[in-house]
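*Asks:* no letters, just coordinates:
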């Protein structure tokens, strides 16, 4: 049985998949299985996977079920003591798994470990993502206030997710990792490595760029689920829950402004609690001329070169 099962969901992934798989097979920790779920691709994704002559790779093709469904199939097939997540366009640095597994092996109470990472822009520029200390230990409240986990850095203990009965919610298509890991953090200890161990690729085909306006709705749905699952949530974590509510409103206001609806943005901001300078800046931006807002909308859709 491998010590780590690497889960890679794919859909029409020819552009970057080869580099992603290479980064996994080049890990200094070699006792792994690589589970690649092809979620109904119509391109040559399968041919790229077949070109790797490595017995550690398992390839499964299925009709398209969406990203959460592909993640659940990979979990179902995983035999490892630990499960690591990697999307088809991202990259691991060579010692990632070795460093994370070493920490997991040293503390049986840790059910989730994540690390810092870089954004990788099309021009090759890298930018470190997380600054300063991040939530760890009993991290649930910290995750509510400021969620830092990049799924490409996450490794979970299989026993922890089995004990909690966790799976990805297939109705959540953009924030499925947030939903999954915040529930995991409620039931297990979390560890964090400050060193960047992965590269998050920025490109025009990313779901977060194409469908960003759905984020606020999904986060609101996830928070409602948490309230139903943990009845003491609003009493025990009142400040954190108030912060989450404000951040949902901030996302809604940003969406309205990008859609060149400044009146709606101001209305949302006027009814929420401002928790950072971002609220003030967005409110000021809502008074920009309509032509400027249209330019900002175009800029937000195209400016991904770092």
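*Replies:* Nice, thanks for sending it over. These numbers were taken from a predicted model, which means no experiment stands behind them. Residues are numbered from 1 along each chain as shown.
*Asks:* show me the shaky parts of the chain.
*Replies:* Within the chain, the stretches with pLDDT under 70 are 204-213, 291-306.
*Asks:* can you pull out the strands in it?
*Replies:* Remark: strands assigned in the chain by DSSP state E are 4-10, 32-39, 57-62, 82-85, 91-92, 110-120, 126-128, 155-157, 189-201.
*Asks:* so which elements touch the fifth one?
*Replies:* Looking back up the chat, that one is strand 91-92. Packing partners of strand 91-92 (3 or more CB pairs under 8 Å, 6 or more residues apart in numbering; DSSP states H and E): helix 17-25, strand 189-201. Glycine gets a C-beta too; all of them are placed from N, C-alpha and C.
*Asks:* which outside residues touch the last one?
*Replies:* Meaning strand 189-201. 16, 86, 89-93, 95-96, 99-100, 103-104, 107, 109-120, 126, 128-130, 134-139, 150, 152-153 (CB atoms under 8 Å, 6 or more residues apart in numbering).
*Asks:* report the buried residues of that strand.
*Replies:* Going by neighbour count (16 or more other CB atoms under 10 Å), the buried part of strand 189-201 is 189, 190, 191, 192, 193, 196, 197, 198, 199, 200, 201.
*Asks:* check stretch 133-153 too.
*Replies:* So for stretch 133-153, counting by 16+ other CB under 10 Å, buried means 134-136, 139-145, 147-153.
*Asks:* same deal with stretch 166-179?
*Replies:* 166, 168, 169, 172, 173, 174, 175, 176, 177, 178, 179.
*Asks:* any idea how far that stretch is from the middle of the chain?
*Replies:* 10 Å (CA atoms, centre = their mean, to the nearest Å).
*Asks:* ends of that stretch, how far apart?
*Replies:* 10 Å (CA to CA, to the nearest Å).
*Asks:* what of stretch 152-171?
*Replies:* 21 Å.
*Asks:* picking up where we left off before, between which two of the buried residues of stretch 166-179 is the distance greatest?
*Replies:* 166 and 174 (18.5 Å; CB to CB).
*Asks:* quick revisit: take the buried residues of strand 189-201 and write them to TSV, including distance to residue 244.
*Replies:* Shown next, in TSV, are these (distance: CB to CB, whole Å):
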residue	distance to residue 244
189	22
190	18
191	23
192	20
193	25
196	27
197	28
198	26
199	29
200	23
201	28
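*Asks:* tell me the one of those nearest residue 223?
*Replies:* Here the nearest of the buried residues of strand 189-201 to residue 223, counting by CB to CB, is residue 190; it sits at 19.2 Å.
*Asks:* what sits opposite that closest one in the beta ladder?
*Replies:* On the basis of DSSP bridges, residue 190 is bridged to residue 112, residue 137.
*Asks:* could you measure from it over to residue 113?
*Replies:* Note on residue 190: its distance to residue 113, by CB to CB, to the nearest Å, is 7 Å.
*Asks:* need the nearest residue in space to residue 39, chain neighbours excluded.
*Replies:* residue 70 (4.2 Å; CB to CB, 6 or more residues apart in numbering).
*Asks:* re earlier: next step: the buried residues of stretch 166-179 restricted to helices.
*Replies:* Using DSSP state H, the subset of the buried residues of stretch 166-179 located in helices is 176, 177, 178, 179.
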